[in-house]
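Asks: Quick one, what's the 3D model for this:
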Amino acid sequence: MILVTGADGYLGWPVMLRLAKTFPQERIVGVDNGKRRVWVREVGSVSAIPIASMVDRQEVAHDRGFVNITLIEGDLADVEFVRELLGVFKPRVIVHLGAQPSVSYAEINAVKARYTMENNCSMLCNLLWTLKELNLLGTHFIETTSTGVYGSLADTVSKTNREVLADSWMESSKVNNINLLYLAQKQWGLPVTDLRTAIIYGVGTRETREAHLLATRFDFDFYFGTVVNRFVAQALALFPLTVYGRGLQRRPVISLEDAVESVVRAVKVPSSNSFNIYNQMTGAIRIADLAQLVQKASDKLGLKAEVVHVSNPRIEKEDNEIEIDNRGFVKLLHKSPAVLQEAIEEMLFAMAPYDDTLKAHSDRFMER
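Replies: Numbers count the residues shown, from 1 in each chain. Prediction:
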């Protein structure tokens, strides 16, 4: 049995579907507290692509042949719920994707910062200690952390990189989680795979395209829209592509399809008493160059997107030429990755039917 946390999320739901197809004889159980939907409503935005409820998602998935999927609503910050969940299912693999993932949301105020820290760290702490208490330390624990933590530059397999720091409040929760994973592996021998995730972009995967109600969410707002998705949405809404500062920040990226496939391949890797780190990225690009790619692609649709440079709301080095070693990850992915320019053109075409929603919420592209 494979347990997926954050199963209702942008990455989590496509991972559920891919796992169900890859392991048809195995139960795929997903758990989510539904908070991502709440957080996006709190900032006055929506998913540009309408998404089904968790109940409807499971029903449609079963109708489409994903019969081994089970979705459970619950809060992993509640240790009693975690004990019941793991006690019943005793998973051989846990894919931990559940988190409050937004840097900007975590920095709205002290309440959001504290909530992000408490939510992200308590969920992992509950999962790890419950595995120990239930003597399930043979479970392969896979977590997506972030390439936004320092110390992740080397793609180190079967080694731990202890020099980790964060440059945001949300990513500091990821640093704490890396430390918790390190302790669980060192003290108890728990098999751990740390996928340090880049900026994910894309509209869907081959499974989510099988039926309209299998679609995953597409966020585009200042708080939850990743930069590639946000630029595509801005172009379709006839809103300027807003580049923070000079736009010289070089950022690692990965398509949703490649991110999903790499998670599934990590599940396939035989577990061992080790701590494996992979930099889950397929390329890197400067933000200004990314805006130009979106502008070029949108020109083909007659959108004539304008690129504007705005004051950077984040405290960061704007000439960051970060280089990340992903050779180990490329071997894990074991496929040709998406080509960013082609992917952007496909995204513009796929999202065009939702341009009215994007235009209606164009005030959400920038910070309140």
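Asks: Any idea which helix or strand in the chain has the lowest mean pLDDT?
Replies: strand 149-150 (a mean of 70; mean pLDDT, DSSP states H and E).
Asks: continuing past it, what's the next helix or strand?
Replies: Of the helices and strands lying after strand 149-150 in sequence (DSSP states H and E), the nearest is strand 165-166.
Asks: who does the helix or strand just after that following strand touch, helix- and strand-wise?
Replies: Per DSSP H and E, strand 165-166 leads on to helix 169-188 as the next helix or strand towards the C-terminus. Packing partners of helix 169-188 (3 or more C-beta pairs under 8 Å, 6 or more residues apart in numbering; DSSP states H and E): helix 103-106, helix 110-133, strand 140-144, strand 149-150, strand 165-166, strand 192-197, strand 275-280. The C-beta positions use only the backbone N, C-alpha and C, and glycine is treated the same way.
Asks: how close does the residue lying closest to residue 358 once chain neighbours are set aside sit to residue 344?
Replies: Nearest residue to residue 358, sequence neighbours excluded (C-beta to C-beta, 6 or more residues apart in numbering): residue 237, at 4.0 Å. Per C-beta to C-beta, to the nearest Å, residue 237 is found 15 Å from residue 344.
Asks: and the protein, what are its domains?
Replies: Segmentation of the chain into domains, based on automatic domain parsing, reads 2-201+254-280, 208-250+283-322+336-364.
Asks: Any idea which of the ones you listed gets closest to residue 328?
Replies: With C-beta to C-beta as the criterion, residue 328 lies closest to domain 2-201+254-280 of these, at 4.1 Å.
Asks: Kindly check the end-to-end length of the closest one for me.
Replies: For domain 2-201+254-280, the first and last residues are 21 Å from each other (C-alpha to C-alpha, to the nearest Å).
Asks: just checking, the residue nearest to residue 358 touches residue 362?
Replies: Yes: the pair residue 237 / residue 362 is scored as a contact, 4.8 Å apart, by C-beta atoms under 8 Å.
Asks: Look at these two and report which has more neighbours.
Replies: Of the pair residue 237 and residue 362, residue 237 is the one with more neighbours under other C-beta atoms under 10 Å, namely 23 against 16.
Asks: can you tell me which residues contact that one?
Replies: 355, 358, 359, 362, 365 (C-beta atoms under 8 Å, 6 or more residues apart in numbering).
Asks: follow-up on the earlier one: would you list the domains of the chain in JSON lines and tack on distance to residue 328?
Replies: Formatted as JSON lines, the domains of the chain follow (distance: least, C-beta to C-beta, whole Å):
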{"stretch": "domain 2-201+254-280", "distance to residue 328": "4"}
{"stretch": "domain 208-250+283-322+336-364", "distance to residue 328": "14"}
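Asks: do you know which of the ones you listed lies nearest residue 329?
Replies: Among those, domain 2-201+254-280 sits nearest to residue 329 (C-beta to C-beta), with 4.3 Å.
Asks: backbone phi and psi for the residue nearest to residue 358, please?
Replies: Dihedral pair for residue 237: phi -90, psi 0, per degrees, to the nearest 10.
Asks: distance of it from residue 173?
Replies: 31 Å.
Asks: now residue 59
Replies: For residue 59, the distance to residue 173 - C-beta to C-beta - is 34 Å.
Asks: the more surrounded of those two?
Replies: residue 173 (27 against 14).
Asks: Confirm for me that the more buried one is in contact with residue 123.
Replies: No: Residue 173 is beyond contact range of residue 123, at 9.9 Å (criterion: C-beta under 8 Å).
Asks: joint contacts of those two?
Replies: What both residue 173 and residue 123 touch, as defined by C-beta under 8 Å, 6+ apart, is the set residue 99.
Asks: Show residues contacting stretch 200-215.
Replies: So stretch 200-215 is contacted by 10-11, 13-14, 17-18, 21, 49-52, 56-57, 60-61, 63-64, 66, 216, 218, 226-229, 253-257, 259-260, 338, 343, 346-347, 350-351 (C-beta under 8 Å, 6+ apart).
Asks: Just the helices from the stretch 251-368 of the chain, written as ranges.
Replies: With DSSP state H, counting those that start in this stretch as the criterion, the stretch 251-368 of the chain has helices at 256-268, 287-299, 327-333, 340-351, 355-360.
Asks: Output those as TSV; include the columns mean pLDDT, distance to residue 107 and mean neighbour count.
Replies: Listed next are these as TSV, based on pLDDT from 0 to 100; distance: least, C-beta to C-beta, whole Å; neighbours: other C-beta atoms under 10 Å:
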stretch	mean pLDDT	distance to residue 107	mean neighbour count
helix 256-268	98	24	22
helix 287-299	96	19	20
helix 327-333	93	29	18
helix 340-351	97	27	19
helix 355-360	98	24	16
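Asks: Export the ones you listed as JSON lines, with columns for distance to residue 169.
Replies: Below are the helices of the stretch 251-368 of the chain laid out as JSON lines (distance: least, C-beta to C-beta, whole Å):
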{"stretch": "helix 256-268", "distance to residue 169": "23"}
{"stretch": "helix 287-299", "distance to residue 169": "21"}
{"stretch": "helix 327-333", "distance to residue 169": "26"}
{"stretch": "helix 340-351", "distance to residue 169": "28"}
{"stretch": "helix 355-360", "distance to residue 169": "28"}
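Asks: out of those, nearest to residue 241?
Replies: helix 287-299 (4.6 Å).
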